[in-house]
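Student: Predicted model and sequence follow; I will ask about them next.
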Amino acid sequence: MSITVRPRRQADLPSLAQLLLAVHEADNYPTRLPPDPIAWLASPRIEQALVAERGGLVGHVSLASPAGDHAEQLWRQALGDEEMVVIKRLFVDPAHRREAIGRRLLEEAVSRAHSAGARPVLDVDAHSAGANHLYLAAGFEAVGELELVWSGEEEPFLARCYIGPPPAGATGRR
Ligand SMILES: CC(C)(COP(=O)(O)OP(=O)(O)OC[C@H]1O[C@@H](n2cnc3c(N)ncnc32)[C@H](O)[C@@H]1OP(=O)(O)O)[C@@H](O)C(=O)NCCC(=O)NCCS
């Protein structure tokens, strides 16, 4: 069955919240399950969100403004004043892994960032082997790491920050 990627609708949010719970249980992503998963998925900094369908909903990704992001300074050190869009909240149903759904969602998100004339950037738990492999395979480059602590948690975790390929014709620094 082929994969369809389309813009997220409001009506998708309850099913996505269920999917997020399954991902959290399987992968510890997000490290701390937000108390209101729907509000987390639809947070105001998110400018676009996409879902993948294969029969039902099997994946999600969103694009957000970098303003105020904990990794903004690290990305800026690498990219100066280049336009940036942050790829966030990428996850795939644990029952549908290694079916190229994550790669397809990432490609769509990168393409939308490029259409906006922006460089895709992101950060990920340095210990998430699958996600780090996916980003490297898609041409993302690691530019640094940050130690972060979720509010309410004591243990820090290491976030690895990446920059993606530039939009066609860009005259960026890399
Ligand atoms: C990361 C994630 C989105 C990948 O989704 P997926 O649909 O299984 O990935 P794909 O099938 O598209 O994989 C594409 C490529 O990524 C790499 N990859 C993906 N998962 C991998 C794994 N577990 N180990 C090693 N490489 C992996 C491989 O290079 C793979 O290509 P291949 O299958 O031809 O070898 C999924 O594992 C997930 O939802 N993880 C939990 C949430 C998370 O950590 N999200 C990142 C937030 S920043």
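Tutor: Nice, thanks for sending it over. Because the structure is predicted, anything quoted here is derived from the model rather than measured. Numbering: from 1, shown residues only.

Student: Near the ligand, which residues of the chain? Just list them.
Tutor: 23, 27, 29, 90-92, 97-103, 124, 128-131, 133-134, 137 (CB under 6 Å from any ligand atom). Placement of C-beta: from N, CA and C, glycine included.

Student: so what's the closest residue to S43 other than its chain neighbours up against?
Tutor: Spatially, and ignoring its direct neighbours in sequence, S43 is nearest to A64 (7.8 Å; CB to CB, 6 or more residues apart in numbering). Taking CB atoms under 8 Å, 6 or more residues apart in numbering as the criterion, A64 is in contact with 43, 45-47, 85-86, 88.

Student: Mark which of those are buried, thanks.
Tutor: Neighbour counting by 16 or more other CB atoms under 10 Å classes 46, 85-86, 88 among the contacts of A64 as buried.

Student: need those residues in TSV with distance to R6, can you?
Tutor: Formatted as TSV, the buried ones among the contacts of A64 follow (distance: CB to CB, whole Å):
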residue	distance to R6
I46	16
V85	19
V86	21
K88	18
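
Student: which one of the residues you listed is nearest E145?
Tutor: Looking at these and their distance to E145, the nearest is V86, at 16.5 Å (CB to CB).

Student: For that closest one, list each beta-bridge partner.
Tutor: Under DSSP bridges, the beta-bridge partners of V86 are A64, V121.
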